[in-house]
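**Q** A structural model of the following input is requested.
(chains A and B)
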Amino acid sequence: MSASVTTPALRKTALNAVHRQMGAKMVDFGGWDMPVEYSGLIAEHMAVRTGVGLFDVSHMGDIQLRGPESLAAIQHICMNDASKLQVGQAQYSAMLYPQGTFVDDVIVHKFSDNDYLIVINAGTREKDYGWIKTNAQKFHCHVSDYSDYYTQLAIQGPKASETLQKLTKVDLSSIKGYWFTWGTVCGLPNTLIARTGYTGEDGFEIYIPSDEATSKRVWEEVLEAGKEFGILPCGLGARNTLRLESAMSLYGHEISDTINVYEAGLDRFCKLEKGPFIGSEALQQVIAAGGPERKLVGLEVIERGIARDGYGVFNEGGTQIGVVASGSPAPFLKKNIALAFVPRDHAALDSEVFVQVRNTMVKAKVVPIPFYRRPKKQS
Amino acid sequence: MAYPANYRYTREHEWIEVDGKTGKIGITDYAQNSLGDIVFVDAPKVGAAVRKGEVFGSVESVKAVSDLYSPVSGTVTEVNEELASSPEKINTGAHDAWIMKVELSDPSEVDSLLGAADYEKFIAEETGH
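**A** This next block holds a predicted model:
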């Protein structure tokens, strides 16, 4: 009677055994066996806000485009204007469906005029690679999936630079935010060092060879270098609360194949003026029709209660008007916050709405996003 | 962490320490560990009626919310007010941080609850170890 269902084996990063040895709590994240927390989500979150934290983000994908028409292909596939990139510069962007909704959000790195790296999300890796390959076909360029070649480590927090500086001779202070370079890190030559991240803090992402021994060695050397700053290994739990405080999008929540660019509030990364690209026509129609009907807003829960992903948003009359995309207690801000889709007439700052927290209607108000902005560095 | 031998346990990971007709109720170390950092405890009011196997409140961690199921039927006689301001006490000592005290309406209900050894066996099976 019972059909046997075979669950596909969870994929593992090169650091899987290290995470388990260190006592991390592991979860299935988009088919990956990943650490959700080590010492505790709040402690890890605070380490990144006040010191430094280390994340294994090797589950992210890395797609390289090479050839004379790489830029043309990227301009066709991605919504931001990659022609503005200089060699050594990276850019937040997104790949759209023809209807203006999201295939995925990405970071485009310009290696040279004929060579670009697109960093994509873990849960959408196969879909993204297929999408890029198909849509780059008519351009003279070669698409390669290098996802499994790299262990990607994120070193994040106000002490990230000092931590990583101990492991490289590259002058990290010369790398600006959303720029990158190559250099020797932990004795590994030509390591990609990017000043990028997903936490709202200063920090770096480094791409090292994905063999277990090298991955483990570098992981341990970073932890050792960060010791004096109270470095903590961090899991996906803290990664989520950090990005939520900074109001950064997560695929399947703030962006998806049913959410368009204007609803997600990512207009500033979408450059219609650069010329046509996949999704641009539909987006022009959205504008011609007067803009999106719903918008992503930041909510702060005023009454007692925690808004969580998928909870309904209601008006005073008790009619459902929207939904929470991501909601959580914010460990640094010590407030209960959420990103939610609401109709435009409820999107103004200080608008009051209600979130249904289980059986109770809890009052919340629209607040500016990002909820958290890191203090400007005094140099 | 050791599961006190004088407590009884539910399969939903609550514990009860019975003293005469009164039971002190909390969640197990296994439960707090699965939830992670607890930030909110929603407990019933003194005088409320609770029923064995039914939801009497919830605990929320940063990541998740989890219902609380009463191990016994009865009337709430006391609520641990300390948890309102310091819910993390459950993380640091789950078997001390009681959530409510209940006057049992039927003390024989306790007999159907798990002993410490059986509870430990149950969570070992649940985690597949």
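**Q** return the helix or strand in chain A with minimum mean pLDDT.
**A** Using mean pLDDT, DSSP states H and E, strand A:25-29 stands out as the lowest-scoring helix or strand of chain A, at a mean of 93.
**Q** show me what that strand is packed up against.
**A** If contacts are counted by 3 or more Cβ pairs under 8 Å, 6 or more residues apart in numbering or on different chains; DSSP states H and E, strand A:25-29 sits against strand A:32-37. (C-beta placed from N, C-alpha, C; glycine too.)
**Q** average pLDDT for the strand it packs on, rounded please.
**A** Mean pLDDT, computed over strand A:32-37, is 96.
**Q** ok, and does it reach over to chain B?
**A** Yes. Strand A:32-37 is in contact with chain B by Cβ under 8 Å from any Cβ of the partner chain, via A:36-37.
**Q** ok, and what's touching that strand?
**A** The contact list for strand A:32-37 (Cβ atoms under 8 Å, 6 or more residues apart in numbering or on different chains) reads A:10-13, A:16, A:19, A:24-29, A:44, A:56, A:59, A:122, A:233-238, B:36, B:63.
**Q** how about the CA coordinates for it, as PDB?
**A** Taking Å, rounded to 0.1, in the frame of the first residue of the first chain, the C-alpha atoms of strand A:32-37 are listed here in PDB:
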ATOM      1  CA  TRP A  32      22.000  20.900   1.500                       C
ATOM      2  CA  ASP A  33      23.000  19.600   4.900                       C
ATOM      3  CA  MET A  34      24.000  22.900   6.500                       C
ATOM      4  CA  PRO A  35      24.800  24.200  10.000                       C
ATOM      5  CA  VAL A  36      21.800  26.300  11.300                       C
ATOM      6  CA  GLU A  37      23.600  27.200  14.500                       C
END
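**Q** next SSE downstream of that strand?
**A** Next in sequence after strand A:32-37, counting helices and strands by DSSP states H and E, comes helix A:41-50.
**Q** let me see the mean pLDDT of that next one.
**A** Per-residue scores along helix A:41-50 average to 98.
**Q** what's that helix packed up against?
**A** strand A:232-234, helix A:236-245.
**Q** now mean pLDDT, distance to A:Gly252 and mean neighbour count too, for those, in CSV please.
**A** CSV is the format used below for those (pLDDT from 0 to 100; distance: least, Cβ to Cβ, whole Å; neighbours: other Cβ atoms under 10 Å in any protein chain shown):
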stretch, mean pLDDT, distance to A:Gly252, mean neighbour count
strand A:232-234, 98, 21, 26
helix A:236-245, 98, 12, 26
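**Q** could you export the ones you listed to CSV, including columns for distance to chain B?
**A** As requested, those are exported to CSV (distance: least, Cβ to the nearest Cβ, whole Å):
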stretch, distance to chain B
strand A:232-234, 13
helix A:236-245, 6
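**Q** of all these, which one is nearest A:Gly290?
**A** Distance to A:Gly290, taken as Cβ to Cβ, is lowest for helix A:236-245 among the helices and strands packed on helix A:41-50, at 29.8 Å.
**Q** surely B:Asn103 is in a strand?
**A** That one is not Asn; residue B:103 is Glu. Yes. With DSSP: H, G, I helix; E, B strand; the rest coil as the criterion, B:Glu103 is part of a strand.
**Q** and the residue lying closest to A:Lys169 once chain neighbours are set aside, which of the three is it?
**A** Nearest non-adjacent residue to A:Lys169, counting by Cβ to Cβ, 6 or more residues apart in numbering or on different chains: A:Thr184, 6.6 Å away. Put simply, A:Thr184 is strand when judged by three-state DSSP.
**Q** residue contacts, A:Thr184?
**A** A:Thr184 neighbours (Cβ under 8 Å, 6+ apart): A:168-170, A:190-191.
**Q** compare those residues and tell me which is most surrounded.
**A** A:Thr191 (21 neighbours; other Cβ atoms under 10 Å in any protein chain shown).
**Q** looking at the closest residue to that residue other than its chain neighbours now. What's its pLDDT?
**A** Spatially, and ignoring its direct neighbours in sequence, A:Thr191 is nearest to A:Val185 (4.2 Å; Cβ to Cβ, 6+ apart). Per-residue confidence (pLDDT) for A:Val185: 98.
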